[in-house]
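>>> Predicted structure and sequence below. I'll ask about it afterward.
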Amino acid sequence: MARVRPGMKSIRERIYEVAASVFGIPIERLDPYAPWPVLVTDSEEVVEFVMAIEEAFEITFEDEESNSMKCLDDLVRAVERHLGEDGIGVRVPL
């Protein structure tokens, strides 16, 4: 497993921080495998969250890809794929 360079957070860590802030859930209570409706009741919040992640990481998901994301972990893995990264040591300004 790659090591995180000092002062840098993984993609997963940054996405979790944003999710915790947007959804009002402490990071330690986020379940990355919980379906979106378990995390939030308003599907519009999920759409806005995914769009915020796209903007923050400067990527764009195709509609089919966005629609296939059923949980936070799916989103993290999609971002990692788009960035061609294992998700470790990437500096992402948010």
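Arrived safely.
>>> remind me, longest helix of this protein?
helix 43-57 (DSSP state H).
>>> Report the mean per-residue pLDDT for it.
For helix 43-57, the mean per-residue pLDDT is 91.
>>> buried set for stretch 59-72?
61, 66, 69, 71, 72 (16 or more other Cβ atoms under 10 Å). Bear in mind the C-beta positions are built from the backbone N, C-alpha and C, glycine included.
>>> Nearest the geometric middle of the chain, what residue?
In the chain, the centroid-proximal residue (Cα atoms, centre = their mean) is residue 15; its distance is 3.7 Å.
>>> Extract the C-alpha trace of the one helix or strand that one maps to and format it as CSV.
Residue 15 belongs to helix 11-23 when assigned by DSSP states H and E. Extracted in CSV, the C-alpha atoms of helix 11-23 (Å, rounded to 0.1, in the frame of the first residue of the first chain):
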residue,chain,number,x,y,z
ILE,A,11,-9.0,11.2,-2.0
ARG,A,12,-11.1,9.0,0.3
GLU,A,13,-10.3,11.3,3.3
ARG,A,14,-11.2,14.5,1.4
ILE,A,15,-14.5,13.0,0.1
TYR,A,16,-15.4,11.8,3.6
GLU,A,17,-14.7,15.3,5.0
VAL,A,18,-17.0,16.8,2.4
ALA,A,19,-19.7,14.2,2.9
ALA,A,20,-19.6,14.7,6.7
SER,A,21,-20.0,18.5,6.2
VAL,A,22,-22.7,18.3,3.5
PHE,A,23,-24.8,15.6,5.1
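>>> any idea of the angle that helix forms with helix 43-57?
If you take axes from the mean of the first three to the mean of the last three Cα atoms, to 10 degrees, helix 11-23 sits at 140 degrees to helix 43-57.
>>> that older thread, toward the C-terminus, what is the element adjacent to the longest helix of the chain?
Later in the chain than helix 43-57, the nearest helix or strand by DSSP H and E is helix 63-68.
>>> who's in contact with that following helix?
If you take Cβ atoms under 8 Å, 6 or more residues apart in numbering as the criterion, helix 63-68 is touched by 50, 74, 78.
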